[in-house]
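> Mind folding the following:
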Amino acid sequence: MTTQDPQGHQLADYQPPPDTGLALLYEDEHLLALDKPSGLLSVPGRGERMADCLAARVQARFPDAMVVHRLDMDTSGLVLMARGPLVQRLLSQQFMARQVDKRYEAMVHGVLAQEEGEIDLPLITDWPRRPRQKVDAEIGKPSLTRFRLLQPLANSSRVSLEPVTGRSHQLRVHLMALGHPIIGDDLYGPPGDRARAGRLMLHACDVALAHPVSGQALKLVCPCPF
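Predicted coordinates for the structure are as follows:
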């Protein structure tokens with residue numbers, strides 16, 4: 001039986017990466033920042049076999065840790081967790097107000113013609129083909145991604161991505177619509193691409209925000225592993 005994770009991913013055979021300990025990037029009494037490995041759910045899926053996730057691993061060590069936002073299962077990188085309901089509410093308000101700046105790096109197919117630009121394409125769930133999302137100019141929700149070419153290669157490019165909005169699969173669909181799907185993306189790229197690449201080549205690198213309690217400016221960094 002094929003099931004889905006809370007963000008709609010097909011999980012016919014969920015095999016989380018081994019638990020080798022938390023990769024803590026930042027820790028204080030209010031806030032945690034962690035490096036989530038590719039292949040690990042952010043929150044539990046349905047059923048006991050999908051209980052292993054970043055949230056469960058963090059809460060085993062920090063019982064007061066609470067989820068604020070998520071990364072797709074196949075995306076790696078920086079995830080914030082609040083310590084207690086007050087900080088969770090304060091951080092959630094920052095995310096909703098778009099006061100948290102996020103940057104990703106990706107390897108994409110082909111060489112980008114532009115060194116930088118914006119992808120402004122409205123997105124909506126492609127219901128007959130869930131969990132896929134699609135561009136829909138009539139009823140799609142406004143979605144904006146800024147991109148910058150970091151390194152052109154022979155048949156691929158390393159790019160920096162800044163999602164202004166936070167739609168499901170936004171970076172993946174926007175890059176596909178640009179004609180440069182992310183390497184390792186079986187949903188929006190060539191069939192079998194994940195097996196050839198070994199993983200989805202998308203990583204959350206940087207987060208900048210005001211500390212939810214002190215108000216101090218925080219810039220958190222998680223180096224790209226590919």
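> neighbouring contacts of the helix or strand bottoming out on mean pLDDT in the chain?
Using mean pLDDT, DSSP states H and E, the weakest-scoring helix or strand in the chain turns out to be helix 193-197, at a mean of 94. The contact list for helix 193-197 (CB atoms under 8 Å, 6 or more residues apart in numbering) reads 74, 181, 183-186, 200. (Glycine included, C-beta is placed from N, CA and C.)
> After that helix, which helix or strand is next? Please name it.
strand 202-210 (DSSP states H and E).
> Name the residues that touch that following strand?
Contacts for strand 202-210 (CB under 8 Å, 6+ apart): 33, 36, 71-72, 74-80, 91, 94, 99-106, 160, 171-172, 182, 184-185, 216-226.
> thinking again about what came up before, dump the contacts of helix 193-197 to JSON lines, plus pLDDT and secondary structure.
Listed next are the contacts of helix 193-197 as JSON lines, based on pLDDT from 0 to 100; DSSP: H, G, I helix; E, B strand; the rest coil:
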{"residue": "D74", "pLDDT": "95", "secondary structure": "coil"}
{"residue": "P181", "pLDDT": "98", "secondary structure": "coil"}
{"residue": "I183", "pLDDT": "98", "secondary structure": "coil"}
{"residue": "G184", "pLDDT": "98", "secondary structure": "coil"}
{"residue": "D185", "pLDDT": "97", "secondary structure": "coil"}
{"residue": "D186", "pLDDT": "92", "secondary structure": "coil"}
{"residue": "L200", "pLDDT": "98", "secondary structure": "coil"}
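> Drop anything exposed from the contacts of strand 202-210.
In the contacts of strand 202-210, burial by neighbour count holds for 33, 36, 71-72, 74-80, 91, 100, 102-106, 160, 171-172, 182, 184-185, 218, 220, 222, 224, 226, counting by 16 or more other CB atoms under 10 Å.
> Please narrow these to those residing in strands.
Among the buried ones among the contacts of strand 202-210, the members found in strands (DSSP state E) are 33, 36, 76-80, 102-106, 160, 218, 220.
> Those residues: which two are farthest apart?
Pairwise distances across those peak at 23.6 Å for A106 and L218 (criterion: CB to CB).
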